[in-house]
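J.: Return atomic coordinates for the entry below.
(one chain, ligands or ions: 4)
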Amino acid sequence: FEAESHNKPSVEFDESMQSQGRYYLLMEKEIRNALAADEFVLYFQPQLNLLTNRLEGVEALVRWQHPEKGLLTPDKFLPDIEKLGLNSELDGYVLNKACQTIGEWYERYHRRIVIAVNITAVEFQDPELVDKIQALLFEHNVPSSFLELEITENMVMTDINSAMGTIVTLQSMGIKVSIDDFGTGYSSLVYLRKLPIDKIKIDRSFITEVASNDSDLTIVKSMVELSHGLGKRVLAEGVETVEQLNLLRHIGCDAVQGYFIKKPLPEDEFVQYLKRR
Ligand code: C2E
Ligand code: MG
Ligand code: MG
Ligand code: MG
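T.: Ligands and ions are numbered 1, 2, ... in the order given. A predicted model of the protein is given here:
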C-alpha cells in the first residue's frame, strides 16, 4: 500500500496544493494592500492598577477593518500573516501606530499613557528591532518609558541568550517588557529571575474559574507570590466579574485587565473613557 501511494502521483494532493498556493498568493496581496491602505486599526484595552485604582496603561490590540468582511479580530488573520512571514510588517505597522498615538494623546490631551504592544516571535528575534523602535520613538517624540512590549515565555526560552540580550537592551533604553499569557508556555524560573522584565501577565485561562475552582485559585495565588518573589509586578488577564476582581485584589495581584473593566475600545471611545475618568 505504501509503495503504491509513493509511486502514484495523487491528483487530489496536487490540486489542493495549487489552490492553497493561490489562496496565499491572493492573501499576501490583500494583506500588503491593507497595510498600505491603512486598513489595520488599533483597539485599546485599559489596565487597572489595583493599588491606586488608576489606569496603569493600555494594551493595543490590532483589528482589520476589512472593506468587504467588516471588522476582523486577530484570530481571523494572524495565522495567515504568520504563514506568509509578514509578522515583521504587521508588528512594525502596529509599533508605528502605537508610538504615533502616544504622541498624539500627549499633544491633544496632555496625557502620557503607556501603550503595550504585542510582538511576535519572529519580530522579537529581529536584530534590528531595537533600532527600529528607537527610530519610531524619536520620530514621534515619545519618551521610551511609555512603550511596553509584550512577549511570551516560549519566545524567551527558545533562544535565551539572544532574548536576554534584547531585553537587557530594551530595559536600558527605558522600554518596558512584560511576559504575556503566563502559565501557558514553558519557562525556567532561573531565567525568569534574571530577566529584567517589568510585569508578568497571568493568562486568562487561569482567571476564568478562579472564583469557583480551588485548584485554579491555588495556581493563581502561587503565580502572584512567584512574581513578587522574583521582584516583578503581576497582572491578571481576562477579568470578567466583580468576584474575580475582589479575589485578585485580596490575594495581592497588582493590576487587572478584562471585560469587567472595559472591552478593547476603538480610539475615539477610549479617549471618551479617558476623559470620564
Ligand atoms: P493577548 O495579547 O493575550 O490579548 C488578550 C486577548 O484577550 C485580546 O483578544 C482581548 O480582546 C481578549 N480579552 C481581554 N479581556 C478579556 C476578557 O475579559 N474576556 C475574554 N474572553 N477575552 C478578553 P484579541 O484582541 O482578539 O487578540 C488575541 C491575540 O492576538 C492577543 O492575545 C495577541 O496574542 C494577538 N494580538 C492582538 N493584537 C496584536 C498585535 O497588534 N500584534 C501581534 N503580533 N499580535 C496581536
Ligand atoms: Mg497581549
Ligand atoms: Mg494574553
Ligand atoms: Mg497572546
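J.: Show me the shaky parts of this protein.
T.: Within the chain, the stretches with pLDDT under 70 are 1-13.
J.: Identify the bridge partners of the residue most central in space within it.
T.: Centre of the chain computed as the mean C-alpha position; nearest residue by CA atoms, centre = their mean is Asn118, 2.7 Å away. Assessed by DSSP bridges, Asn118 has beta-bridge partners Glu150.
J.: Contact partners for it?
T.: Contact analysis of Asn118 by CB atoms under 8 Å, 6 or more residues apart in numbering lists 59-62, 94, 150, 180. To be clear about C-beta, it is placed using only N, CA and C from the backbone, and glycine gets the same treatment.
J.: Near ligand 2, list only the ones from those residues.
T.: Filtering these for proximity to ligand 2 by CB under 5 Å from the ion leaves 150, 180.
J.: now the contacts of Asn118: which count as buried?
T.: The neighbour count (16 or more other CB atoms under 10 Å) marks 59-62, 94, 150, 180 as buried among those.
J.: So which of the residues you listed belong to helices?
T.: Using DSSP state H, the members of those that fall in helices are Val94.
J.: Which of the buried ones among the contacts of Asn118 sits closest to ligand 3?
T.: Nearest to ligand 3 among the buried ones among the contacts of Asn118: Asp180, at 4.4 Å, using CB to the ion.
J.: can I assume that closest one is in contact with Asn154?
T.: No. Applying CB atoms under 8 Å as the test, Asp180 and Asn154 come out as separate, 10.4 Å apart.
J.: How about stretch 98-109 and ligand 1, any contact?
T.: No. On the criterion CB under 6 Å from any ligand atom, stretch 98-109 is out of touch with ligand 1, staying 8.4 Å away.
J.: mind checking the longest strand of the protein?
T.: The residue-count maximum for a strand in the chain (DSSP state E) belongs to strand 55-66.
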